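In: Dropping the sequence and predicted coords here.
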Amino acid sequence: QSPVKVAGIHSSPVENAWNSRLHVAMLEAAKRGEIDYVFSEGIAGTDYSRAMREYAEQGVEVIVGEAYAVEREARQVAGDYPDTTFLMGSSGKPHGDNFATFGTWNHEAAYLCGMLAGKMSKSGIFGSVGAIPIPEVNMLIHGFRQGVNAVRPDAKHLINFIGTFFDPPKAREAGLAQIDSGADILFGERIGTADAAKERGIKAIGSLTDYSARYPETVFSNAIWNFGAILAAALADRKAGKSNGQEYTRFGLMKEGGNDISYVKSMVPADAIEPMEKVRAAIKAGEFEVKIDFSEPT
Amino acid sequence: MTDIIDILFTVGLWSSVLRIATPLIFGTLGALLCERAGVLNLGIEGIMTFGAMIGWLAVFQGADLWTGLLVAALCGALFGLLHASLTVTLGLSQHVTGLGITLFASSFSYYIFRIAIPAQNTPPTVEPFQSLDIPFLSDLAFVGPALFTQTAPTYLAIFVALIMAYLLARTPLGLAIRITGENPHAAEAQGVDPIRVRYGSVIVGSALMAVGGAFLTLSAFNSFFPTMMQGRGWICIALVVFSTWKPSRAILGAVLFALFDAYQLRLQNVLGQAVPYQIFLMMPYLLSILALVIMSRSARVPQALMQPYRKGER
Amino acid sequence: MRIERRETQSRSLMFIVPLLAVVASLGLAGILIALAGAPVFSAYKALFLGAFGSKFAITETLTRATPLIVTGLAAAVAFRARIWNIGAEGQFYMGALLATLLGFQNFLDLPSFALIPLLILAGAVAGMVMLVIPLGLRLRFGVDEVVTTLLLNFVVLLFVSMMLDGPMKDPLAFGWPQSVPVVDEGLLPKIVERSRLHLGLIIAIGAALLVYVLNSYTVFGMESKAAGFNPMAARFAGVPFEKTLIKVACLSGGLAGLAGAVEVLGVKGQVSNDLSASFGYAGIVVAMLASLNPIGVIFAAIFTATMFVGSESMSRTFGIPSFIADVVVSLSLITMLVAIFLSNYRIRR
Amino acid sequence: MAEPVVLHLDSITKRFGSFAANDAISIELRRGEVIALLGENGAGKTTLMNILFGHYVPDEGEVYIEGRKIPHGKPKEAIAAGVGMVHQHFSLAKNLSVLENVMTGTEPLSSWRSETAKGKRKLKSLEEKFGLLVDTDARVGDLSVGEQQRVEILKALYNNARILILDEPTGVLTQQEAEGLFKTLRAMAKDGLSIIFISHKLHEVMSGADKVVVLRAGKVIAERNTDATSKEELAELMVGRQVERPVREASKPGDVVVQARDVALHAGSTARLTDITFDIRAGEALGIVGVSGNGQAALCDLVAGVAHADHGTFEINGREVSHMTPRDLSSMDVGRTPEDRNSQGAVGELTLWENAVLERINDRRFSKHGFLNKREGRSYCQDLIDRFDVRGGTPNSRISLLSGGNMQKLILGRSLSKHPVFLLAAQPTRGLDEGAIAAIHQDILEARKNGTAILLVSEDLDEVVSLSDRIMAIHGGRLSPAVDAKEVDSRQLGLMMAGEWGGLG
Ligand SMILES: Nc1ncnc2c1ncn2[C@@H]1O[C@H](COP(=O)(O)OP(=O)(O)OP(=O)(O)O)[C@@H](O)[C@H]1O
Ligand SMILES: Nc1ncnc2c1ncn2[C@@H]1O[C@H](COP(=O)(O)OP(=O)(O)OP(=O)(O)O)[C@@H](O)[C@H]1O
Ligand SMILES: [Mg+2]
Ligand SMILES: [Mg+2]
């Protein structure tokens, strides 16, 4: 059977952590021979719908990307190409039979990371560095905080938004500012945060992707998000002739394998691991739910 | 309330300030040198981006860090040569050419980067400059850790600023540069070739800009990301005016700007998100405009800035 | 080496030289395309087809050219009077923002033909304010507007971001920073079925004609040039100097604001942080390509859009990095500027 | 004449496009000699000197200095060979100090330190030796025009110039300053310096030079020793025909047209004009003389409607006009020609016709409802071109392509076209050649005959004496009492300009 033709349209360069999760998942699927993968990156909002149409015209079967800034237009394009599946990160609803949506839910993993962090901090002050306060960033940071609070109810939380998705040196400065305010564990929604931790010899947590290899000794755990699970689900529905007009966010849940914690055992005290693993199992079994909070953390 | 003021007396704030200021100092000095010779170089944003990319790429390919900076400087010089050819020799409009070069240099650096480093998860890293302690100075209380635990390029930036201040004020070459920026005909009449002076200034100035960019990827951070320059170059253009075209004040301007940035990040931790973070980010720009208004009377713009000079044309 | 102004511009030269410029920039881009491992000549073909190969491609190219025409006019008008407006980007966003603010509900229950002009006008007014402020600083305090207009761009972008996070946030966007959408009656009608090409193109061309008439046939056009080029002589001849420059600033800023309003009403329907693909900055280069001639701006904008749309599409056909699009655009802009220069000047040994 | 030849220009040819600005020009200059280069506007004098100094590259010919061939197009080589040039339009950096302007380029650029103390000593000693005193630390922009010119000369001397070139050095100087300059030049020549100066003023040429070289249309027409020629001969050689300045005929002034009473004008807290009181009658010309910087510019601004009086009354035909704009004045048929044609008189980027109609663009003839009537504008301009003999352009050419004289004729023409009741003529002939001066004087006298009241502000005393009925001097922003032009002598005028008018009426 020939591989499915898939195109990624990334509005940022694919180094952006979020895009890189889509990108890597699709590269892997391509390596396994399931899909043929092409992509465009750094596509401005004005040009996004054109990129969608051009790929659709080229005969691409599944287009993966982000509709956040082009919700209306993206659905219009989907309407014009009923045979193409559009799998889009979106805050809105699915549309027709071919416009599939997903959100980025790795708050469960963030919760677990928080549980580890809560046990490891001496100062009890925790910093988070985010890009801009959009819902998916907010829920992630709330997830982390809930995890911390679960094991350390008196925790104090700091937050910085750097106002842009792409300024690692600035994320680093934000991290340093938090360390100066007493934080000794940083949750880095943005790359660059861990650099601050590394410089001051404290510990950090990565988000979406695994930063432990990049920052050994510094990043002890990561709230991993696996886009692969969502992609696989959407591809399977398409293959089975089922409608793609659904929300695939749920495949990002831990019980579906869509997000999980990865941590470096040697860096974490044993007494922290045990309760965390218990919760992890509970989440996977559907017995524990991490509350979702979209509001802007303060 | 006291928290807000206390921040000013933390070591971390001040060591951040110098680090944030360093690329701005390089960029501002570069733009300042060009403008002192009468050439506005709006290519700065792109040239800094290219410097950030190529310096990092060189180190990633095995060069040592100083070679990386040198490669960045050389490439910056090449863009300077391009800008000078277009604006000095051909006399094309300086700001339009500059914007064109910014578009070219930045998109070109993303393109090269993507070809050299195929898209992957997170970009690879290099081992950046380590902070360099200065004997005695670094051991001082407060001042030591606040100011003297920087990486070598930061000290270099300050050194370059002092050199440039001396050069402009006290040497025949500096005088030649200044008079070219004031009235190229006067330079020519004294046997100083304004075209060569402008070429030289734009080339060296652009090299400095590129070094400023490379600082971001070789010292402040350790990888290159497309679009990571985030308007730092434009800030330098403002800082040149803010510093009334004086290198020593360029340090001051850059530090003030960096102070704002570092301060607002810390203020967020004290005040929380009660005030939209955008307000803080706006402050440096608004204050620069305010400073321009206040200083406008005393600022002496190089009189021939943006005026092309063609030999034998009146 | 010496450079001399040509006494006469030969027609054939004015035609051939720009053509050579396009060839030169494509040649340079060819090297980069080959570097990425794509077949160069097929790539050129793909570039052409991507910009003009279908009705869709043509409408897309024109859609992308629309805001460029208007921001190009904004720059041309200002530069002609020696107002160095680098702030069209910010004026564009303010125009878009105000048009959206007034248009997200049809407060007065206006019909389309009344609501649309109202919203566009609002956008223009917002743009005006954003240029009149820095011009005022220049007239009053002698502050150079190159820097102030440039800096205001960043202030405006942050302001827009703040509005999108706060008061103007679209509740249905679940917090993603974008504004509430404009009501349907406020949106510009499409002029080609099943495409994005909207009435804005007609408005842009109309604006170009209007500016042409203003420049060439009115007292205002003559006075603005006089005031820009020689303030002292203009004053001596009784040109109301400050008033004239303020009028120019209103026109230039107004156009940039109008560009923003038209883009939001014609394409996106709502404001987001990436509404503009650097249209404000690109407009400056477009204006210069057109030698500040308002009719030329139309063609320069279409040329720029062609290069962008064509090469981005080409990058998708061959799977080469999409950053090539901006490289091709910037290369062709630079070579074109040189070409225009060479058709006016000659280089002699 | 045993002195050796220091400079030899050998058949220099320079073309701009197809036009030959210099056509096989050869000149020899000996040590200690002073040569005057004489010629109409556009004869090619500046071009020739620019070639000598290396600003321009000649198409043919060579420059020899002390027998050595000098490479073309390199001011640095010319300076090194001992040539110093004082440019027609000063080439000074206004924001830099005198010393900095002088020292530029005098030290190797690779040197790591500027020897400013040494430079200052050298400059001071030169200043004393030649009596060219200026404050070495002053900002050049703060100096008067005369001082700026001293700086230009000092620049050349500082470079050890042995050949000094001055392009229209007296064009911007007052008579006293000019006389001082020539005294200095004489002293320098005695010291062994060789000098070439360019001038349109015949009396300067006759008194200042040993030899005169006359250029016309890019060619050397004649060479004369000053002791073997006359002003009349030179004038004729220069223009190619006999020119005589027109003379003022006696006239009977009519009613008072212009009346100023106790006018004062301030700039910030400093007074630019104080107690300005004068009358001008129809058909009468009032001349204003003065050393530049004493309020002429302010007076012109006031009369032209560019500046407004803070005190006193200023009436034209009985109407208070001190708050009127330039356009109000134009519509009252007041003709105004500014002091400086390039910076105030014309917008270089606009065409002739646009410049011609700019000040009256709102007349119904030239625009309706804001739309231009280009046809009328052009035909109006063509009329001016014909009537005032403006050469070198059509209504559609850019005005910056006109020579100074022709530009001036157009500007004066637009002021005179409607038989003004009142004409302000400020420095109407500055920098112009004899032919152009004669034409412009003719136009002004014609207007006087037709009953226009004229205010003539000029630094050229001959001009003022020959055109005006009465003369006042301006000093420190105040006007002297008027004297009758027929009775005044130059000594008296000198005293008036120095502010000493105690003994006058
Ligand atoms: N840069 C130039 N480009 C083209 N033509 C020029 C240029 N400079 C001078 N010319 C031409 O050369 C001729 C001689 O000009 P030049 O300035 O030498 O005259 P001049 O004798 O100095 O006149 P003036 O007495 O008015 O100063 C002019 O008529 C003009 O047409
Ligand atoms: N850059 C130029 N290109 C072409 N022609 C020029 C240029 N500069 C000067 N000219 C020509 O040179 C001639 C003389 O110009 P110039 O400025 O020397 O006049 P001028 O009478 O000396 O004026 P002024 O009294 O203001 O010094 C004019 O005819 C003008 O057309
Ligand atoms: Mg001359
Ligand atoms: Mg002249």
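Out: Okay, I see it. Ligands and ions are numbered 1, 2, ... in the order given.

In: and the closest residue to ligand 2 within the stretch 101-250 of chain B, how many neighbours?
Out: Closest to ligand 2 within the stretch 101-250 of chain B is B:H185: 13.1 Å, counting by C-beta to the nearest ligand atom. Where C-beta positions appear, they are placed from N, C-alpha and C, glycine not excepted. Using other C-beta atoms under 10 Å in any protein chain shown, B:H185 has 22 neighbouring residues.

In: Tell me where the stretch 201-349 of chain C is predicted with low confidence.
Out: Applying pLDDT under 70 to the stretch 201-349 of chain C flags the ranges C:348-349.

In: where do the helices sit along it?
Out: For the stretch 201-349 of chain C, applying DSSP state H, counting those that start in this stretch gives helices covering C:219-229, C:231-236, C:241-263, C:279-289, C:294-318, C:324-344.

In: ok, now chain B?
Out: Along chain B, counting by DSSP state H, helices occupy B:2-6, B:11-36, B:44-60, B:65-84, B:94-116, B:143-147, B:152-170, B:172-182, B:184-189, B:194-215, B:232-242, B:247-271, B:277-295.

In: what's the answer for the stretch 51-200 of chain A, then?
Out: Under DSSP H, counting those that start in this stretch, the stretch 51-200 of chain A gives helices at A:71-80, A:107-120, A:135-151, A:168-180, A:193-200.

In: These into a markdown table, with extra columns for mean neighbour count, distance to B:L156 and mean pLDDT?
Out: Output for those, formatted as a markdown table (neighbours: other C-beta atoms under 10 Å in any protein chain shown; distance: least, C-beta to C-beta, whole Å; pLDDT from 0 to 100):
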| stretch | mean neighbour count | distance to B:L156 | mean pLDDT |
| --- | --- | --- | --- |
| helix A:71-80 | 20 | 48 | 89 |
| helix A:107-120 | 28 | 38 | 95 |
| helix A:135-151 | 23 | 37 | 92 |
| helix A:168-180 | 28 | 18 | 90 |
| helix A:193-200 | 24 | 20 | 91 |
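
In: For chain D, which of those is the nearest?
Out: helix A:168-180 (36.0 Å; C-beta to the nearest C-beta).

In: Now do that closest one against helix B:194-215, angle only.
Out: 50 degrees (axes from the mean of the first three to the mean of the last three C-alpha atoms, to 10 degrees).

In: Also compute the angle for helix A:168-180 relative to helix B:232-242, please.
Out: Counting by the same axes, to 10 degrees, helix A:168-180 lies at 80 degrees to helix B:232-242.

In: Flag every buried residue along stretch C:116-126.
Out: C:116, C:118-126 (16 or more other C-beta atoms under 10 Å in any protein chain shown).

In: out of those residues, which are inside helices?
Out: C:116, C:118-126.

In: how far away is the closest residue to C:L214 other than its chain neighbours from ligand 2?
Out: Among residues not flanking C:L214 along the chain, C:G221 sits closest, at 5.0 Å (C-beta to C-beta, 6 or more residues apart in numbering or on different chains). As for C:G221, its distance to ligand 2 is 25 Å (criterion: C-beta to the nearest ligand atom, to the nearest Å).

In: what's the answer for C:E60, then?
Out: 46 Å.

In: so that residue touches C:V309, yeah?
Out: Yes. Between C:E60 and C:V309 there is a contact under C-beta atoms under 8 Å: 5.6 Å.

In: Now for these two: what residues contact both?
Out: A:R50 (C-beta atoms under 8 Å, 6 or more residues apart in numbering or on different chains).

In: coming back round to it: any chance of TSV for the ones in helices among the buried residues of stretch C:116-126, columns distance to ligand 2?
Out: TSV is the format used below for those (distance: C-beta to the nearest ligand atom, whole Å):
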residue	distance to ligand 2
C:I116	50
C:L118	50
C:L119	49
C:I120	44
C:L121	45
C:A122	47
C:G123	43
C:A124	40
C:V125	43
C:A126	43
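
In: Quick one, grab the pLDDT at B:L132.
Out: pLDDT for B:L132: 82.

In: contacting residues for it?
Out: So B:L132 contacts B:149-152, B:155 (C-beta under 8 Å, 6+ apart).

In: at 10 Å instead, please
Out: B:138, B:148-155 (C-beta atoms under 10 Å, 6 or more residues apart in numbering or on different chains).

In: count of residues packed around A:G33?
Out: 10.

In: Need the pLDDT of the nearest residue to it once chain neighbours are set aside.
Out: Closest residue to A:G33 apart from its sequence neighbours, by C-beta to C-beta, 6+ apart: A:P3 at 5.8 Å. What the model reports as pLDDT for A:P3 is 92.

In: A:P3 reaches A:R32, doesn't it?
Out: Yes. Between A:P3 and A:R32 there is a contact under C-beta atoms under 10 Å: 9.1 Å.

In: Could you point out the helix or strand that follows whichever strand or helix holds D:D10?
Out: Using DSSP states H and E, D:D10 falls within strand D:5-16. Sequence-wise, the next helix or strand downstream of strand D:5-16 (DSSP H and E) is strand D:19-30.

In: which helices and strands sit right next to that next one?
Out: Packing partners of strand D:19-30 (3 or more C-beta pairs under 10 Å, 6 or more residues apart in numbering or on different chains; DSSP states H and E): strand D:5-16, strand D:34-39, helix D:45-53, strand D:60-65, strand D:194-199, strand D:211-216, strand D:219-225.

In: Tell me the buried residues in the last one?
Out: Read that as strand D:219-225. D:220, D:222, D:224.

In: so what's residue 255 up against?
Out: No chain specified, so I'll use chain A. So A:K255 contacts A:108, A:283-287 (C-beta under 10 Å, 6+ apart).

In: if you could check chain B rather than the one you did, that'd help
Out: Counting by C-beta under 10 Å, 6+ apart, B:V255 has contacts B:14, B:17-18, B:20-22, B:24-25.

In: Quick check: it vs B:M48, distance?
Out: 18 Å (C-beta to C-beta, to the nearest Å).

In: Then D:F182?
Out: Counting by C-beta to C-beta, the gap from D:F182 to B:M48 is 57 Å.

In: Looking at those two, which one has more neighbours?
Out: Between D:F182 and B:M48, counted using other C-beta under 10 Å, the more crowded position is B:M48 (36 against 18).

In: how near is the nearest residue to that one once chain neighbours are set aside to D:V172?
Out: Distances taken as C-beta to C-beta, 6+ apart place B:G213 nearest to B:M48, at 3.4 Å, with adjacent residues excluded. Remark: distance between B:G213 and D:V172 (C-beta to C-beta) = 49 Å.

In: Which residue of these two possesses the greater neighbour count?
Out: Neighbour tally, B:G213 and D:V172, criterion other C-beta under 10 Å: the higher count belongs to B:G213, 35 against 21.

In: Show the contacting residues for the more buried one.
Out: Counting by C-beta under 10 Å, 6+ apart, B:G213 has contacts B:23, B:26-27, B:44-56, B:72, B:75-76, B:105, B:109, B:224, B:228-229, B:232-233.
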